[in-house]
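Trainee: curious how this folds, go ahead:
(2 chains)
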Amino acid sequence: MARAPSSILIFLLRNHRAWQNPNTQIRYLTTETKDSDFTEISQQICKIIRTKPRWEQTLPSDYPSFNFTDPQFFTELLKHQRNVFFSLRFFFWLSSQNGFLPNPVSCNALFTALVEAKAYNAAKLLLGHTGFSPDPASLESYIGCLCEGGYAQEAVDAFYRLKGAGVCLSIMTWNAALSGCLKVGRTDIIWILYQEMIECGVAADVETVGYLIQALCVDNNVLKGYELLRQVLVDGLVPGKAAFNKLISGFCKEKNYTRVSELLHIMISKNHDPDNYTYQEVINWLCKKGKGREGLRGFNDLKDRGYAPDIVMYTTMIHGLCTMDYIGEARKLWFEMIEKGYRPNEYTYNTMILGFCKIGSFEEAKILYKEMCDRGYKETTVSYNAMMRGLCLHGRTDEAYGLFTEMPHKGIVRDLITYNTLIQGFCKEGKIVESTNLFRDLLTQGFQPSTYTYTPLIERLCQVGAVQEAKSLWNDMKNRGLESTFGTQDYIIIGLCDQGDAAEGMEWFLDMLKRQVIHWKNTYVILWSISLAGRTTISLKHV
DNA sequence: ATAGGGTTAG
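Mentor: Alright, predicted model coming up:
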């Protein structure tokens, strides 16, 4: 039995400041009492680990007789510690002490606290470190938590852990999982999970269907998504707007405007009025698929019907007009947007600046560029790329290259598009040495070249008679699994023929036929080159 | 949730 701490107690009670000091209290409680009051001590320890930076080193030597490794003590501490990371740190400290056996109760309590704090990484760390089995309820909210944070793969792992324990998820968690996978574009996992869901015998609800439809759209399976929608509509279920919007966007991409308008009608009839998100996608894809005029008409119709386009819609429309080089119209919308009270943002500025650059109005572009900076928007890779692209389009590659060299000094990162823009610009001007130097530089920097990188290089090399180099670039491109654009192969054939190698030209041509990548516009030129080079008549028997 | 930068023929 411990000594009755009467003298110390009397001292402490008389000395208010000493009693306020947690160290003193602990020393009293741990050395002078046997039946340790865990509640009191843990409250004090909480204070210490919160305020004292190197408590791990001082705690044991300061209080040699207290048994910190009693699991009951840790459970008590957890109750009082608001900041779960302090508890975690304490837990790992305990684990390093001899004699502490993390018991399932404290592990589970800590795990639950971490999950509640949405500290998925820490929760995962704890799981991996201790290998304990959390109770199903915590594990289930852990799965929901992982999905929310975009950790789809980890969620699946946790799911199989639960499944192994014979527990099945509630529909809420299934939906959270599907939604989480959708957010990070992991449709592959969605289909696995959905299969599992069916096997568990959990009935999909209307929310589930919404996610499935969206997943089908992401997989470019819009028609299947549409069929699923029709099917559930018959059953009286109406998925949320997001599913409709994805379907509409998907059909726009496929230029299936009949379905688009049908879906818009369904939305209205089901009290899902199409919103800015819906229309923005329609206009976006109309512009991207070369129907900018229709896009503009739709945009104006919407305004006539009382819809108020938001800044994103305005930006989309301005961008569409700029791609068609209708800069005047774009500028009109720009001012209309400002009149309506929207301030141009980074996206709007970059779009408009590129528009001006493309038509060679560099003065206007520079004024806007300055305005953008004055408004506090930073210069970015995108804004630099836009200026460089404009300059390249107008034969001012030297100025573009000047910007390129300036970028690192301003701390602006160059990316693949930066390189591609310049490579294309130099190629266009026949500056093949500069282009290939940039290409080499790009590889040294560790970028993965894209089709946009190779195409201008191959074409220009062929034109200057360096067909061998062009062919090696072609192989390089193919080895990276990149698809060539229509027309690139034509240059190689014509280049080969210019060198008098009709036979190999023919080989390449037959290869194109086999792969059905013929660009019929150039076929006549190709056949003509081959026959000129080989002085033979090409008959379609070869085909 | 939504928007911005890189292919194409004289």
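Trainee: for the residue most central in space within chain A, phi and psi?
Mentor: The centroid of chain A falls nearest to residue A:184 when counting by Cα atoms, centre = their mean (6.7 Å). Backbone torsions of residue A:184, given as degrees, to the nearest 10, read phi -100, psi 10.
Trainee: what's the answer for residue A:430, then?
Mentor: According to degrees, to the nearest 10, residue A:430 has phi 80, psi 10.
Trainee: what's stretch A:396-410 in contact with?
Mentor: Residues from elsewhere that reach stretch A:396-410 (Cβ atoms under 8 Å, 6 or more residues apart in numbering): A:379, A:381, A:384, A:387-388, A:391-392, A:413-414, A:418, A:421-422, A:425-426, A:429, A:431, A:434. All C-beta spots, glycine's among them, are computed from the backbone N, C-alpha and C.
Trainee: could you flag which of those residues are buried?
Mentor: By neighbour count, with 16 or more other Cβ atoms under 10 Å, the contacts of stretch A:396-410 hold A:384, A:387-388, A:391-392, A:414, A:418, A:421-422, A:425-426, A:431, A:434 as buried.
Trainee: among those residues, which are in reach of DNA strand B?
Mentor: A:418, A:421 (Cβ under 7 Å from any atom of the strand).
Trainee: reformat the buried ones among the contacts of stretch A:396-410 as JSON lines; add secondary structure.
Mentor: Shown next, in JSON lines, are the buried ones among the contacts of stretch A:396-410 (DSSP: H, G, I helix; E, B strand; the rest coil):
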{"residue": "A:384", "secondary structure": "helix"}
{"residue": "A:387", "secondary structure": "helix"}
{"residue": "A:388", "secondary structure": "helix"}
{"residue": "A:391", "secondary structure": "helix"}
{"residue": "A:392", "secondary structure": "helix"}
{"residue": "A:414", "secondary structure": "coil"}
{"residue": "A:418", "secondary structure": "helix"}
{"residue": "A:421", "secondary structure": "helix"}
{"residue": "A:422", "secondary structure": "helix"}
{"residue": "A:425", "secondary structure": "helix"}
{"residue": "A:426", "secondary structure": "helix"}
{"residue": "A:431", "secondary structure": "coil"}
{"residue": "A:434", "secondary structure": "helix"}
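Trainee: tell me the pLDDT at whichever residue of the stretch 51-200 of chain A sits closest to DNA strand B?
Mentor: Relative to DNA strand B, the nearest point of the stretch 51-200 of chain A is residue A:183 (7.3 Å; Cβ to the nearest atom of the strand). pLDDT, residue A:183: 90.
Trainee: that one: neighbouring residues, count only.
Mentor: 13 (other Cβ atoms under 10 Å).
Trainee: ok, now which ones touch the residue nearest to it when sequence neighbours are not counted?
Mentor: Excluding its sequence neighbours, the residue lying closest to residue A:183 (Cβ to Cβ, 6 or more residues apart in numbering) is residue A:150, at 6.0 Å. The contact partners of residue A:150, taken as Cβ under 8 Å, 6+ apart, are A:180, A:183, A:184.
Trainee: buried ones in stretch A:270-279, by neighbour count?
Mentor: A:272, A:274, A:277, A:278, A:279.
Trainee: can I get those in JSON lines with secondary structure, pLDDT and distance to residue A:405?
Mentor: What follows is the buried residues of stretch A:270-279, written out as JSON lines (DSSP: H, G, I helix; E, B strand; the rest coil; pLDDT from 0 to 100; distance: Cβ to Cβ, whole Å):
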{"residue": "A:272", "secondary structure": "coil", "pLDDT": "94", "distance to residue A:405": "53"}
{"residue": "A:274", "secondary structure": "coil", "pLDDT": "93", "distance to residue A:405": "48"}
{"residue": "A:277", "secondary structure": "helix", "pLDDT": "93", "distance to residue A:405": "41"}
{"residue": "A:278", "secondary structure": "helix", "pLDDT": "94", "distance to residue A:405": "45"}
{"residue": "A:279", "secondary structure": "helix", "pLDDT": "94", "distance to residue A:405": "43"}
